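>>> Need coordinates for the below:
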Amino acid sequence: MTNPFDDEDITYRVLVNDEGQYCIWPDFVAVPAGWTTVHGPGTRKAAVEYVEEHWTDMRPSSLVLH
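Take a look at the predicted model:
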């Protein structure tokens, strides 16, 4: 079975949590509590590009604010 996070043939969303951390998420899986869709659904490539463009500081927001 193919890992759904690596499957180029399904659609994805980009999610972000309260700490400003991003992830790509298969569209067919429910969005977990604490995460919000900020992009998609679309291709895996588009999701990865969105994350690369928008998640420029990997530190959680709680660390950046201090």
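
>>> Low-confidence stretches in this structure?
Low-confidence segments of the chain (pLDDT under 70): 1, 65-66.

>>> Please enumerate the strands of it.
If you assign secondary structure with DSSP state E, the strands in the chain sit at 12-17, 22-26, 35-42.

>>> strands paired with the shortest one, and their directions?
Listed by DSSP bridges, the sheet partners of strand 22-26 and their directions read strand 12-17 (antiparallel).

>>> Okay, buried residues for the strand it pairs with please.
Of the residues in strand 12-17, 12-16 count as buried by neighbour count, 16 or more other CB atoms under 10 Å. (Glycine included, C-beta is placed from N, CA and C.)

>>> swap in stretch 22-34?
Using 16+ other CB under 10 Å as the burial criterion, the residues of stretch 22-34 that qualify are 22-26.

>>> wait, residue 23 sits on residue 15?
Yes: with contact taken as CB atoms under 8 Å, residue 23 and residue 15 are classed as touching, separated by 5.2 Å.

>>> what residues are shared contacts of those two?
By the contact definition CB atoms under 8 Å, 6 or more residues apart in numbering, residue 23 and residue 15 are jointly contacted by residue 35.

>>> related to what we said a few turns ago, can you tell me which of the strands of the chain is nearest to residue 60?
For the strands of the chain, distance to residue 60 was read as CB to CB. The smallest value, 8.8 Å, belongs to strand 12-17.

>>> Kindly calculate the angle that the closest one makes with strand 35-42.
In terms of direction (axes from the mean of the first three to the mean of the last three CA atoms, to 10 degrees), strand 12-17 departs from strand 35-42 by 160 degrees.

>>> Need the contact partners of strand 12-17.
22-27, 31-32, 34-44, 46-47, 50-51, 54.
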